[in-house]
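[1] what's the 3D shape of this:
(chains A, B, C and D)
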There are 2 protein chains.
Amino acid sequence: MQDLFTSFSLQVNNRVYIKNPESSALGRKIVESSINLIDEVGFEAFTFRKLGLEIHSNEASIYRYFESKYKLLLYLTSWYWSWMEYRIAFGLANIHSPEERLNKAIKLLTENIELDGSFEHINEYKLNRIVIAESSKSYMTKEVDQNNKEGFFAGYKQLVGRVSDIILEINPIYKYPHMLISTLIEGAHHQRFFAQHLPRLTDAVNGEDAIIEFSKEVTFKAIGAKCPTK
Amino acid sequence: MQDLFTSFSLQVNNRVYIKNPESSALGRKIVESSINLIDEVGFEAFTFRKLGLEIHSNEASIYRYFESKYKLLLYLTSWYWSWMEYRIAFGLANIHSPEERLNKAIKLLTENIELDGSFEHINEYKLNRIVIAESSKSYMTKEVDQNNKEGFFAGYKQLVGRVSDIILEINPIYKYPHMLISTLIEGAHHQRFFAQHLPRLTDAVNGEDAIIEFSKEVTFKAIGAKCPTK
DNA sequence: CATTTATGATAGCATTACTATTATATTTGC
DNA sequence: GCAAATATAATAGTAATGCTATCATAAATG
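    Okay, here's the model as predicted:
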């Protein structure tokens, strides 16, 4: 996907920001450095004041882009899900067999993300770690219903919907396609976190990719289809 | 399990508290009311000052039991996992077929919890909602490794280990028992949350219990065994 | 009933999550 | 090239949070 995205940017619901951070150098710096800083110190310890110091700018200036650090997190996760949808759209182009499409989609959804440098100011590798460790904090809140109404989770829902559709192509009477996919996505994230920090909750040996294997196996068996790579 | 527990209390790692809240009326009041308050306002808005007002006691007094609200959350989740382990231990007593044991364990792990009143000062129904919405905040932190070393997640790990053992009884060469069980537990929690707040991420219709069905199906198919209730 | 121990009341402090104000750059439109 | 609009920086301020410290009082215990 190299260089493909230099020409366009991913759409994020414009209600998560006050001013679009893509629209200025400062905005891009805010996004770039927030990824570094959240990855480094964690979301609870992350503050706009610290971010201001980091980028030699001002706390008040950051507030002109994002209402709060929660909204910024929402921006980052929304961006991530948009990005994931593009990755999948491109990754599945010209593959016709639905089994192979599903197989590839699961790989893309559950694999360890590496830096691909398509977007200058976004480090996908670190962003993936943030999504794994912090994204549940963006929806496990008392404001979830309100935020949902405003469309802040649309990207995630759309992604789950798209992959579920592939499942239904393979097995039109499978009852739980959305459940299966959302369980898988969240599950793979948890497993990556557990593999690093709470290994007794997983069987993922560092190095080999048990998480992808596990996800594929579970999915294809659940829907009663044969995994093309097995 | 009614009245069974009036005679004993569940063990929680004594390093999550400063003074054991089971040891005094104030301590039990703190636990009881913290469950109500966290359930009501959410963990971020929950503070010891508010809790003090609620129980007509003092912020400083609460700090004599728990170092911080994070430790209190850790206490609540640890208690929950201990409780879950007892539920399973009792629920599986005298069942010999490992398939039936697994089937029952999955039901107990993924079902919607109702108030059972075995512990006067703990509302299991609300605690379950807290565990669903807030428990990931107890381990998705920068302090996870430190906390893990101190044994704060021992109960959860033990529970996952026990259920994994049943899987291995059924299929000794299954490669991912821990992954499967931890994915299932977290997954069921997420699905209950999604069913209420983000229904497009799930297929759980309110009322019937798709989540248990889904969990059983996935598990037995993944390990290549037959679910006894199907 | 003296003493330890637990609780309560009050105060204080650094940090957080903002908002407001005013000053200074930078961009843009003509 | 300059006025006017717009974006950013600097500073200050406020209420709430997450504690800690001190001292007084109540309750339990030996």
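[2] Would you map the helices across chain A?
    Shown for chain A, the helices assigned by DSSP state H span residues A:25-41, A:48-54, A:59-63, A:69-92, A:98-110, A:124-134, A:136-139, A:144-149, A:154-170, A:177-197, A:210-223.
[3] Check whether the longest one comes into contact with DNA strand C.
    Yes. Legend: contact between helix A:69-92 and DNA strand C by Cβ under 7 Å from any atom of the strand is shown at A:Lys69, A:Tyr70. C-beta: built from backbone N, CA, C; applies to glycine.
[4] What are the buried residues along that helix?
    Buried residues in helix A:69-92, defined by neighbour count with 16 or more other Cβ atoms under 10 Å in any protein chain shown: A:69-88, A:92.
[5] For the helices of chain A, give me CSV that also has mean pLDDT.
    Converted to CSV, the helices of chain A look like this (pLDDT from 0 to 100):
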stretch, mean pLDDT
helix A:25-41, 96
helix A:48-54, 95
helix A:59-63, 95
helix A:69-92, 95
helix A:98-110, 97
helix A:124-134, 97
helix A:136-139, 96
helix A:144-149, 96
helix A:154-170, 97
helix A:177-197, 96
helix A:210-223, 96
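[6] I'd like these as TSV, with distance to DNA strand D appended.
    Compiled in TSV, those are given as follows (distance: least, Cβ to the nearest atom of the strand, whole Å):
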stretch	distance to DNA strand D
helix A:25-41	4
helix A:48-54	8
helix A:59-63	4
helix A:69-92	14
helix A:98-110	34
helix A:124-134	17
helix A:136-139	14
helix A:144-149	19
helix A:154-170	25
helix A:177-197	21
helix A:210-223	33
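[7] what's the closest of these to B:Ile122?
    The minimum distance between B:Ile122 and the helices of chain A falls on helix A:136-139, with 24.4 Å, by Cβ to Cβ.
[8] Run through who's touching the closest one.
    Residues from elsewhere that reach helix A:136-139 (Cβ atoms under 8 Å, 6 or more residues apart in numbering or on different chains): A:43, A:70, A:73-74, A:77, A:147-148, A:152-153, A:186, B:136-137, B:140, B:197-198.
[9] 10 Å - rerun?
    Taking Cβ atoms under 10 Å, 6 or more residues apart in numbering or on different chains as the criterion, the residues outside helix A:136-139 that touch it are A:16, A:43-44, A:70-78, A:131, A:144, A:147-148, A:152-153, A:156, A:186, A:189-190, B:43-44, B:133-137, B:140, B:186, B:190, B:193-194, B:197-198, B:201.
[10] Quick check: the gap between A:Trp81 and chain B.
    From A:Trp81 over to chain B the distance is 12 Å, taken as Cβ to the nearest Cβ, to the nearest Å.
[11] close enough to count as contact, that residue and A:Gly161?
    No. Counting by Cβ atoms under 10 Å, A:Trp81 stays clear of A:Gly161, with 11.6 Å between them.
[12] what does chain A have sitting close to DNA strand C?
    Proximity of chain A to DNA strand C, by Cβ under 7 Å from any atom of the strand, involves residues A:Ala45, A:Thr47, A:Phe48, A:Arg49, A:Lys50, A:Glu59, A:Ala60, A:Tyr63, A:Glu67, A:Ser68, A:Lys69, A:Tyr70.
[13] Out of these, who's the most crowded?
    For the residues of chain A next to DNA strand C, counting by other Cβ atoms under 10 Å in any protein chain shown, the largest number of neighbours falls to A:Phe48: 20 neighbours.
[14] Provide a list of residues in contact with it.
    In this structure, A:Phe48 makes contact with A:30, A:34, A:58-63, A:65-66, A:68-69, A:72, judged by Cβ under 10 Å, 6+ apart.
[15] rerun at 8 Å
    Contacts for A:Phe48 were tallied using Cβ under 8 Å, 6+ apart; they are A:Glu59, A:Ile62, A:Tyr63, A:Phe66, A:Lys69.
[16] again with A:Ile130
    In this structure, A:Ile130 makes contact with A:Ile35, A:Ile38, A:Asp39, A:Phe43, A:Leu76, judged by Cβ under 8 Å, 6+ apart.
[17] so what's the residue in chain A positioned nearest to DNA strand C scoring on pLDDT?
    Of all residues in chain A, A:Ser68 sits closest to DNA strand C, at 3.2 Å by Cβ to the nearest atom of the strand. With respect to pLDDT, A:Ser68 scores 96.
[18] how far away is it from A:Thr141?
    In this view, A:Ser68 and A:Thr141 are 12 Å apart by Cβ to Cβ, to the nearest Å.
[19] cool, A:Gln158 as well?
    Going from A:Gln158 to A:Thr141 by Cβ to Cβ gives 21 Å.
[20] Neighbour count for those two, which is higher?
    Here A:Gln158 and A:Thr141 are set side by side on neighbour count (other Cβ under 10 Å), and the busier one is A:Thr141, at 19 against 14.
[21] what's near enough to touch that one?
    Per Cβ under 8 Å, 6+ apart, neighbours of A:Thr141: A:Tyr70, A:Asn147, B:Gly42, B:Glu44.
[22] Ranking by neighbours, what's the top pick from those?
    Most surrounded of these: other Cβ under 10 Å gives A:Asn147, at 20 neighbours.
[23] ok, A:Leu115 touching A:Tyr125?
    Yes. The pair A:Leu115 and A:Tyr125 passes the contact test of Cβ atoms under 8 Å, sitting 4.2 Å apart.
[24] Looking at these two now, which is surrounded by more residues?
    A:Tyr125 (15 against 12).
[25] got the contact list for the closest residue to A:Thr219 other than its chain neighbours?
    Once flanking residues are discounted, A:Thr219 sits nearest to A:Ile106: 5.9 Å by Cβ to Cβ, 6 or more residues apart in numbering or on different chains. A:Ile106 makes contact with A:Leu184, A:Ile212, A:Ser215, A:Lys216, A:Thr219, according to Cβ under 8 Å, 6+ apart.
[26] okay, now the fourth one: neighbour count?
    A:Lys216 sits with 20 neighbouring residues when counted by other Cβ under 10 Å.
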